[in-house]
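*Asks:* Okay, sequence plus prediction incoming.
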There are 2 protein chains.
Amino acid sequence: MKANIYDIANKAGVSTATVSRALGDKQNSVKPETREKILKISEELEYRPNSLAKNLAKKTTSAIGLVLPEIQGDFYNQIIKGVDEIAFSGGYHLIVASSHSKRNIVESLLGFMHESLVDGVILMIPSMNNQLEEVLSNYKIPIVIMNDIQAYKKYDIVCIDNYQGAYSIIEYLIKSLNHTKIAMIAGPAGNHDSQMRKKGYISALKNAGIKIRKDWIIEGDFTTKGGELACSRILSLKEKPDVIFAANDNMAAGCYNVAESLGFNIPNDISIVGFDNIELGSYLRPKLTTVHVPVSEIGKISTKVLINRLHNKDDNSVEPQNIKISTGIIIGDSVTKNNYLDHNIRGKK
Amino acid sequence: MKANIYDIANKAGVSTATVSRALGDKQNSVKPETREKILKISEELEYRPNSLAKNLAKKTTSAIGLVLPEIQGDFYNQIIKGVDEIAFSGGYHLIVASSHSKRNIVESLLGFMHESLVDGVILMIPSMNNQLEEVLSNYKIPIVIMNDIQAYKKYDIVCIDNYQGAYSIIEYLIKSLNHTKIAMIAGPAGNHDSQMRKKGYISALKNAGIKIRKDWIIEGDFTTKGGELACSRILSLKEKPDVIFAANDNMAAGCYNVAESLGFNIPNDISIVGFDNIELGSYLRPKLTTVHVPVSEIGKISTKVLINRLHNKDDNSVEPQNIKISTGIIIGDSVTKNNYLDHNIRGKK
DNA sequence: CTCCATAATGTAACCGCTTACATTTGTAAA
DNA sequence: TTTACAAATGTAAGCGGTTACATTATGGAG
């Protein structure tokens, strides 16, 4: 039978309070010899604290909930890994939930937050909606959001600088590689990160004096399959772009699939650019040019922010933080350098 | 302030017991109108049960712990997804822990099992050792192990049939493609799954009357980097094999990297075979020939077995199960067909 | 109308731990 | 030896539910 503090208290001839203090308290509120004795007995009895009881009494759980739209794929993986690492080293357990397929994310959230299973939640959502906002505003355990949502100033937000990431790689395509005919496979319209990436793309083109062509912006869904569909649509256009900028690497991978099956050579016939720099990208041939996103860093920083909140729970003076993580560019072999000659020739095709 | 059953009881003019029954009990032990009223009030008060208290009183947690050696990579991802799916639909929460890098898995396990955070554990370990065995045998919440460990009959085990998987793909290489010169990059020596794969490889060769060459069996570590190292060692041998059988796809991917950088053409100069059929494999070019492992199925079945145990906790009559999931072969383009002529020519090189 | 089985509800102990407050013990100064 | 105060320990009330058992209400049979 599992031993509890009563057993220890009995055997040691002290009260449960002393046992509790000997085992838990940081301050030396117990005489060293007593503590010694208690420790020894708890060893003998193979005592393991019941954290349920502990949490109930303490009104905390030492657990962090992580709610993701998906649990599969390198991207989410990295997030989980980052969160896990910091959570663990901060003494927190991690409960992961995905809102995949039939479950709606709100329900998932409710489950987490309201049943006091967790002290705080790290949340990545495809998009904010009214229902969700109501849920979030109703329940007051700390939340950190990992989406590029500027509108919601009342939450801590940690995300990558999607706008800057998209802007800079498009700028690179234009200024360094002389490209002008750049199409985009955007992410789902409702998705905030996706919106910012699109904005970055548009701004970069505009600032370079390039006209935006609506027919060169296709909406995808961040999946490989979606990338395939979008890509085949682009490649069947009468007037084709030279470069396809996919809003994430998965969709870029979809482009590779389609290009291959249609007999398009990358980058000679069509250049491909991705976003995220997930592991998969490094296996694509030619190597994918993409925006580097320090994904696990997002998880890590979010967790730090959350734990920080948890440690200063009463202190409401700290303003919600809005942390943007900057991106980099990974130069692969999936984009041609378009010198003017080339460009003209191609233009005349 | 969060409402509890006392608040509801007060407002409804009943006792907490009645509230508890109205909210929880399946049997109609409460008068419909009373239940109605209580339900309504609990709505008004936005009552959310405190599962900590519930679990403490009920002595269960409705949570399943999943302990993995790693949390990153498509393979583990699939596992998590499978477990998550079944756990959720069975009304269980999922707590994921990885034993990665500095943490040792035993410690992680201890944390989980002993603090009564979970009702049961699903466990994947790199290898069984004495320390771990002691931990496992000491604490008596249900455990399902996802490794190919025959020696430990007392646990429920769900794993793939590594032996058969390796055996059959080697047999395929030999009988259908006429290969005889097959090297293997094995997994870590301590790893049980890895050992079984190696056994399958050896048996298949032996049964076909092919001599085992020790210098053609190199130990890897299941990582891409490890695959690279092993592959470059093989490719620098005086007498090279025609086929490299990597014990998992990650290492096969490493072979691709090395082959590419050394100028070897796959499959003409060297054929590559993998194991696992993770998503990554489908992006390799030429497409990887590999052993299909229904990874998420492992997670699903393990979880079913565990939940089954949890539901029949008192019933010790059920013998530990040992479920082996069979594999298949994915035929890609990474292996040549070796007809005799070819073979001889190549042999003379 | 009384009686009694049964349905409905209430009482209170318990799950295992924490912690505010009370009490006892120890020790150095007076 | 007292006194005074700090250190060590004990007491007991929660935390928010569940549930065995006790009690009360209900309604049909006699």
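*Replies:* Great, that's in hand.

*Asks:* The closest residue in space to A:Gly187 that isn't next to it in sequence and chain B, how far apart?
*Replies:* Leaving aside its sequence neighbours, A:Gly187 sits nearest to A:Ser194 (Cβ to Cβ, 6 or more residues apart in numbering or on different chains; 2.7 Å). C-betas here are computed from N, CA, C, even on glycine. Note on A:Ser194: its distance to chain B, by Cβ to the nearest Cβ, to the nearest Å, is 22 Å.

*Asks:* Around A:Ser194, how many other residues sit close by?
*Replies:* 25 (other Cβ atoms under 10 Å in any protein chain shown).

*Asks:* ditto for the one 4 residues further on
*Replies:* The local packing count at A:Lys198 equals 22, with neighbours defined by other Cβ under 10 Å.

*Asks:* pLDDT value on the closest residue to it other than its chain neighbours, please?
*Replies:* Of all residues not flanking A:Lys198 in the chain, A:Ala186 sits nearest, at 4.8 Å (Cβ to Cβ, 6+ apart). Per-residue confidence at A:Ala186 stands at 97 (pLDDT).

*Asks:* Can you check the pLDDT for the residue nearest to A:Gly187?
*Replies:* A:Ser194 is assigned 94 on the pLDDT scale.

*Asks:* next one: A:Asn339
*Replies:* A:Asn339 is assigned a pLDDT of 62 by the prediction.

*Asks:* what about A:Ile185, helix or strand, and which?
*Replies:* strand A:182-186 (DSSP states H and E).

*Asks:* Show me what that strand is packed against.
*Replies:* Counting contacts by 3 or more Cβ pairs under 8 Å, 6 or more residues apart in numbering or on different chains; DSSP states H and E, strand A:182-186 is packed against helix A:192-207, strand A:217-219, helix A:224-235, strand A:243-246.

*Asks:* then it to CSV, C-alphas only?
*Replies:* Taking Å, rounded to 0.1, in the frame of the first residue of the first chain, the C-alpha atoms of strand A:182-186 are listed here in CSV:
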residue,chain,number,x,y,z
ILE,A,182,6.4,36.4,-58.0
ALA,A,183,3.2,34.5,-57.1
MET,A,184,2.1,33.6,-53.7
ILE,A,185,0.3,30.6,-52.2
ALA,A,186,-1.1,32.2,-49.1
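
*Asks:* Quick one: neighbours of the residue nearest to A:Lys198, just the number.
*Replies:* A count of nearby residues for A:Ala186, using other Cβ under 10 Å, gives 24.

*Asks:* That one against A:Phe245, yeah?
*Replies:* No. Contact criterion Cβ atoms under 8 Å: A:Ala186 and A:Phe245 do not qualify, at 9.0 Å.

*Asks:* what touches both of the two?
*Replies:* A:Tyr201 (Cβ atoms under 8 Å, 6 or more residues apart in numbering or on different chains).

*Asks:* doesn't A:Ile272 fall inside a strand?
*Replies:* Yes. The assignment for A:Ile272 (DSSP: H, G, I helix; E, B strand; the rest coil) places it in a strand.

*Asks:* Number of residues surrounding it?
*Replies:* A:Ile272 has 30 nearby residues by other Cβ under 10 Å.

*Asks:* Quick check: chain neighbours aside, which residue is closest to the most centrally placed residue in chain A?
*Replies:* By Cα atoms, centre = their mean, the mean C-alpha position of chain A lies nearest to A:Ile79, the distance being 5.0 Å. Closest residue to A:Ile79 apart from its sequence neighbours, by Cβ to Cβ, 6+ apart: A:Gly299 at 4.3 Å.

*Asks:* quick one, phi psi at that neighbour?
*Replies:* phi -60, psi -50 (degrees, to the nearest 10).

*Asks:* My read is that it contacts A:Ile80, right?
*Replies:* Yes. Between A:Gly299 and A:Ile80 there is a contact at 6.8 Å, judged by Cβ under 8 Å.

*Asks:* Let me know the helix or strand that the spatially closest residue to A:Ser15 that is not a sequence neighbour is in.
*Replies:* Counting by Cβ to Cβ, 6+ apart, A:Ser15 lies nearest to A:Ala9, which is 5.8 Å off, once chain neighbours are set aside. If you go by DSSP H and E, A:Ala9 is part of helix A:5-12.

*Asks:* State the mean pLDDT of that helix.
*Replies:* 92.

*Asks:* buried residues in it?
*Replies:* Within helix A:5-12, the residues scored as buried using 16 or more other Cβ atoms under 10 Å in any protein chain shown are A:Ile5, A:Asp7, A:Ile8, A:Ala9, A:Lys11, A:Ala12.

*Asks:* Touching that helix from outside, list them.
*Replies:* For helix A:5-12, using Cβ under 8 Å, 6+ apart, the contacting residues are A:15-16, A:18-20, A:23, A:34, A:37-38, A:41-42, A:45, A:47.

*Asks:* and what of stretch A:181-188?
*Replies:* For stretch A:181-188, using Cβ under 8 Å, 6+ apart, the contacting residues are A:126-127, A:170, A:173-174, A:193-195, A:197-198, A:201, A:205, A:210, A:213, A:216-222, A:226-227, A:230-231, A:234, A:240-248, A:251, A:255.

*Asks:* List buried residues within those residues.
*Replies:* Counted by 16+ other Cβ under 10 Å, the contacts of stretch A:181-188 give A:126-127, A:170, A:173-174, A:193-195, A:197-198, A:201, A:205, A:210, A:216-218, A:220-222, A:226-227, A:230-231, A:234, A:240-248, A:251, A:255 as buried.

*Asks:* Just confirm A:Val291 contacts A:Ile331, I think it does.
*Replies:* No. Using Cβ under 8 Å as the test, A:Val291 is too far from A:Ile331 to be in contact (10.9 Å).

*Asks:* Looking at the two now, which is surrounded by more residues?
*Replies:* A:Val291 (30 against 14).

*Asks:* State the pLDDT value of the more buried one.
*Replies:* At A:Val291, the pLDDT value in this model is 97.

*Asks:* Confirm that it lies within a strand, as I assumed.
*Replies:* Yes. When three-state DSSP is applied, A:Val291 is found to be in a strand.

*Asks:* What's opposite it in the beta bridge?
*Replies:* Beta-bridge partners for A:Val291, by DSSP bridges, are A:Ile329.

*Asks:* which ones are touching it?
*Replies:* Taking Cβ under 8 Å, 6+ apart, one finds A:Gly165, A:Ala166, A:Ser168, A:Ile169, A:Gly274, A:Phe275, A:Asp276, A:Asn277, A:Thr327, A:Gly328, A:Ile329, A:Ile330 in contact with A:Val291.
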